[in-house]
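Undergrad: Sequence and predicted structure are below.
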Amino acid sequence: MGDGLRTIRVVTTDESLMASARACVAALEGWEVASVASVDELLQSPPMLGDVILVDSWLRNTNVYEACRKLTGNTRCRTFVVVDATNRLAEPIARFCGATGVLHRPLVPSRVREALGNSGGKRVPLPKEGRGSESTPEFPDKLLVDVHGKTDETLVAALTDPETGLFNYGFLGYKLDEEHKRARRFGQPLSCVMLGFEGQVGEDVLREFAGIFLETSRDTDVLGRFDECSFLFLLPNTGPDGARVMARRVGDLAQERKLRDLVGDPIAISVGIATMPHPEIQKREDLFLQARRAYFAARQDGGGVVVAG
């Protein structure tokens, strides 16, 4: 846009938010405002260095935090998520996903001015390749220390499954996208492992499983609970042989510890493995779907490990 003004680009379809944004910008010298309907539309004509992006958390059919991750990788602009004032978890999660911070709706000039003036510091880094040491907290806290600078209890609660302490379903989607992009960019293998069992188990067995997973994994692996009786693991820089070794160690330990379901039957573990690079895996969804198909094939066989061909 023109006249040497910097632009606040608001990604929203909400007219009330745009109206408040225009009112704020009218009170800010040197700024103008532009409306954008989606993140993809914004990236078709990337903003200029020095512009600011506001992303509406009410966007339909969009995970706003995944949108922040996409913007972080494709622009060099400060990004704020516009959220309800009652959303206490928004700030740490937004920063974790690469955003500069949050602004509360309705927008008011004083808060926008303060955000623009105070946000020039170093952005919170995204996850690193190597994590953890003997002096860092236990997983997954140590990952959050890496990316957030400290252990934030509200952030841990938002990203983890309360019964197992592993990452939850929502965070798994974020990490699948991130690890898939990293593997493609650097030409490294990435294995996706879906592991589960039939029947129901108690919380003590779930905690035992979580402990086994941690014993058999590295601190760079991403371990999460997918649903009631299945788990999803992302193993960076690991081919199918390495993933198979981990899966068999999990099965051996579960058998050794005689884990049983609620009716007392031994638990039969099924494992599906998919690995990229692979000619049929181009998108993150392809990697997940291949692992899931292999998992169901293993279940049909009564347990064991199936590696997608």
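TA: Perfect, thanks for sending it.
Undergrad: do you know how far L5 is from P266?
TA: Using C-beta to C-beta, to the nearest Å, we find L5 at a distance of 69 Å from P266. C-betas here are computed from N, CA, C, even on glycine.
Undergrad: higher neighbour count, those two?
TA: Shown here are L5 and P266; by other C-beta atoms under 10 Å, L5 has more neighbours (15 against 12).
Undergrad: what sits against that one?
TA: Shown in contact with L5 (C-beta atoms under 8 Å, 6 or more residues apart in numbering): 30-32.
Undergrad: Three-state assignment for Y174, please.
TA: State at Y174, reduced to three classes by DSSP: H, G, I helix; E, B strand; the rest coil: helix.
Undergrad: okay, now it: neighbour count?
TA: The burial count for Y174: 20, using other C-beta under 10 Å.
Undergrad: secondary structure element for the residue nearest to it when sequence neighbours are not counted?
TA: Distances taken as C-beta to C-beta, 6 or more residues apart in numbering place E66 nearest to Y174, at 6.2 Å, with adjacent residues excluded. When elements are assigned from DSSP states H and E, E66 belongs to helix 64-74.
Undergrad: outside of that helix, which residues touch it?
TA: Under the contact criterion C-beta under 8 Å, 6+ apart, helix 64-74 has outside partners 11, 39, 42-43, 46, 53, 55-57, 59, 77, 79, 81, 93-94, 97-99, 123, 126, 173-174, 177-178, 181.
Undergrad: From the residues you listed, keep the buried residues only.
TA: 11, 39, 42, 53, 55-57, 59, 77, 79, 81, 93-94, 97-99, 123, 173-174, 177-178 (16 or more other C-beta atoms under 10 Å).
Undergrad: Strands - which of these land there?
TA: Counting by DSSP state E, the members of the buried ones among the contacts of helix 64-74 that fall within strands are 11, 53, 55-56, 79, 81.
Undergrad: Tell me, how many residues neighbour the residue nearest to T13 when sequence neighbours are not counted?
TA: Among residues not flanking T13 along the chain, A37 sits closest, at 5.8 Å (C-beta to C-beta, 6+ apart). By the measure other C-beta under 10 Å, the count of residues near A37 is 11.
Undergrad: Looking at A37 now. What's its pLDDT?
TA: pLDDT for A37: 91.
Undergrad: next one: F209
TA: You'll see F209 listed with a pLDDT of 89.
Undergrad: So it sits against L253, correct?
TA: No - assessed by C-beta atoms under 8 Å, F209 is found out of contact with L253, at 9.3 Å.
Undergrad: While we're on the residue lying closest to K283 once chain neighbours are set aside, how confident is the model there?
TA: The spatially closest residue to K283, leaving aside those adjacent along the chain, is H180, at 7.6 Å (C-beta to C-beta, 6+ apart). pLDDT, H180: 91.
Undergrad: same check, this time on A34
TA: Residue-level pLDDT assigned to A34 equals 93.
Undergrad: Please report the distance of T13 from V36.
TA: Per C-beta to C-beta, T13 is found 10 Å from V36.
Undergrad: neighbour count winner among the two?
TA: Of the pair T13 and V36, V36 is the one with more neighbours under other C-beta under 10 Å, namely 20 against 14.
Undergrad: Now do the same contact list for the more buried one.
TA: 9-12, 42.
Undergrad: Quick check: the two most widely separated of those?
TA: Greatest spatial distance among those (C-beta to C-beta): T12 and L42, at 11.0 Å.
Undergrad: coming back round to it: quick one: residues contacting the residue nearest to T13.
TA: 11-13.
Undergrad: Going by distance to G272, which of those residues wins?
TA: Nearest to G272 among the contacts of A37 is V11, at 36.7 Å by C-beta to C-beta.
Undergrad: In stretch 285-301, which residues are buried?
TA: 286-292, 294-295, 298-299.
Undergrad: chain center to that stretch, what's the gap?
TA: Chain-centre distance of stretch 285-301: 21 Å, with C-alpha atoms, centre = their mean, to the nearest Å.
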